[in-house]
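sequence and predicted structure below; questions after.
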Amino acid sequence: MGLVVQKYGGSSVADAEGIKRVAKRIVEAKKNGNQVVVVVSAMGDTTDELIDLAEQVSPMPAGREFDMLLTAGERISMALLAMAIKNLGHEAQSFTGSQAGVITDSVHNKARIIDVTPGRIRTALDEGNIAIVAGFQGVSQDKKDITTLGRGGSDTTAVALAAALDAEVCEIYTDVDGVFTADPRVVKKAKKIDWISFEDMLELAASGSKVLLHRCVEYARRYNIPIHVRSSFSGLQGTWVSSEPIGDKKVEQAIISGVAHDTSEAKITVVGVPDKPGEAAAIFRTIADAEINIDMVVQNVSAASTGLTDISFTLPKTEGRKAIDALEKNRAGIGFDSLRYDDQIGKISLVGAGMKTNPGVTAAFFEALSDAGVNIELISTSEIRISVVTRADDVPEAVRAVHTAFGLDSDSDEAVVYGGTGR
């Protein structure tokens, strides 16, 4: 008997019919001889609706109470799913994140898992039950407060439980048939990838691919937990994410795995920074102290006449105001002239481990953007990724142009997004 962890996103359990459909799939896995642990997200847009409600009541809700509110969505879906499974003649028990033993740090709204002690889950499985766990949430180790894990938290919950329970696989069910070479909502001829390495998936996730979130893949790689990304709306095989191809069939690593894009970032340019040691450190220490993650960084060549330079970096739009306020507060200590803020940008990334050993990839990438008339504002690279920042309006055309240029277009039917969100 194997142990399988399944995770279902909000679009999969968006309504009563969706919950009943998911319950049948879970029962089928149980009938196949598996012990089954299920992690669920909130139904449909429930979390967004709770966030909107909180903002109507308070423009800056307290972190503790905000977490208490947001975790209600997953508790609703887990209880309803347990009811639907029982209606099919199988026993199921639902657990909150804290009951499931998901222990986190004490940072509200974006807590990190520091331990998983799934004693109650093991007991439920030993008794022959299906365990249903509320995703996205845990309990802080010090104060025992309810916490939430931030964006993609349910995926991370599922992988963490899979690691703690020594599961054979973590199945992530969403509303697309797997990981595609590009977002199928933007590129209709995107191809489904049968297998992708943890490294390539990490780069795609970090670059804006929304099927799997970066923290989830990072956790899976650390504990070597194979992930199978599948659609809850079809019975098709999905995409395997692992260190090595699954099964007897060996799949050669593709030169290019895919094209990702992200329009959720903004760009800040710190203008007139003295070009001397310690200035960049002061800027990014200020940002770090404000608990803001940054992405791409570019420093211009300083002007010989003034000895001043400009430093640009990208960050989530949601953190833009906080970053500007933090830098302005420390303007005297840093010594810059002014700040520029731009939230009408987009990032396009080309990802593939094969580019390390294949010359010409970078040239072909920039030629495709040039032919599409797309202007580049920032450039960042790693061994297996090239990223550029452009105008947000240029992103769809740029993604399609790069996708075609590298022969990633499918000759078969268009990719399907069953639920409309790609998650």
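On my side now, so go ahead. A quick note: this is a predicted structure, and the numbers were derived from the prediction, not measured. Numbers count the residues shown, from 1 in each chain.

just give me the neighbour total for T147.
Around T147 there are 33 other residues, counting by other C-beta atoms under 10 Å. In this view, the C-beta of every residue, glycine as well, is placed from N, C-alpha and C.

no wait, D115
Based on other C-beta under 10 Å, the number of other residues close to D115 is 12.

sheet partners, orientation included, of the host helix or strand of it?
Per DSSP states H and E: D115 is located in strand 113-116. Strand 113-116 sits in its sheet next to strand 102-104 (antiparallel), going by DSSP bridges.

name the residues that touch the strand it pairs with?
Residues from elsewhere that reach strand 102-104, judged by C-beta atoms under 8 Å, 6 or more residues apart in numbering: 111-117, 137-141, 147, 149, 157, 160-161.

what does stretch 317-337 rub up against?
264-266, 268, 270-274, 279, 282-283, 286-287, 289-290, 292-293, 308, 315, 339, 341, 343.

how about a cut-off of 6 Å?
Here stretch 317-337 makes contact (C-beta atoms under 6 Å, 6 or more residues apart in numbering) with 264, 266, 268, 270-274, 282-283, 286-287, 290, 292, 315, 339, 343.

just the helices in the protein please.
Assigned helices in the chain, in chain order: 16-31, 46-57, 63-70, 72-87, 119-126, 153-164, 198-206, 214-223, 279-289, 320-329, 331-334, 361-371, 395-405 (criterion: DSSP state H).

buried set for the fourth one?
With burial defined by 16 or more other C-beta atoms under 10 Å, the residues of helix 72-87 counted as buried are G73, E74, R75, S77, M78, L80, L81, A82, A84, I85.

which other helices and strands contact it?
Judged by 3 or more C-beta pairs under 6 Å, 6 or more residues apart in numbering; DSSP states H and E, the packing partners of helix 72-87 are helix 16-31, strand 35-40, strand 92-95, strand 130-134.

go through these and name the closest to K7.
strand 35-40 (4.3 Å; C-beta to C-beta).

what's the burial count for the nearest residue to D295 once chain neighbours are set aside?
Residue nearest to D295 in three dimensions, not counting chain neighbours: T314, with 4.4 Å by C-beta to C-beta, 6 or more residues apart in numbering. Using other C-beta under 10 Å, T314 has 23 neighbouring residues.

which one of the helices of the chain lies closest to V351?
helix 198-206 (4.4 Å).

distance from the closest one to the middle of the chain?
A distance of 10 Å separates the centroid of the chain from that of helix 198-206, by C-alpha atoms, centre = their mean, to the nearest Å.

from P316, how far off is V259?
In this structure, V259 and P316 are 21 Å apart, going by C-beta to C-beta, to the nearest Å.

one step back: can I get the helices and strands packed on helix 72-87 in CSV including mean neighbour count and distance to I386?
As requested, those are exported to CSV (neighbours: other C-beta atoms under 10 Å; distance: least, C-beta to C-beta, whole Å):
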stretch, mean neighbour count, distance to I386
helix 16-31, 17, 38
strand 35-40, 29, 34
strand 92-95, 22, 43
strand 130-134, 28, 38
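
from the contacts of strand 102-104, list just the buried residues.
A111, I113, V116, Q137, G138, V139, S140, T147, L149, T157, A160, L161.

distance of the first one from N32?
Read that as A111. 34 Å.

count of neighbours near R120?
Going by other C-beta under 10 Å, the residues that sit close to R120 add up to 15.

now the one 5 residues further on
L125 sits with 19 neighbouring residues when counted by other C-beta under 10 Å.

residue contacts, it?
The contact partners of L125, by C-beta under 6 Å, 6+ apart, come to Q35.

roughly how far does the closest residue in space to D177 that isn't next to it in sequence sit from A182?
In this structure, D177 finds its nearest non-sequential neighbour in S231, 4.7 Å apart by C-beta to C-beta, 6+ apart. For S231, the distance to A182 equals 17 Å [C-beta to C-beta].
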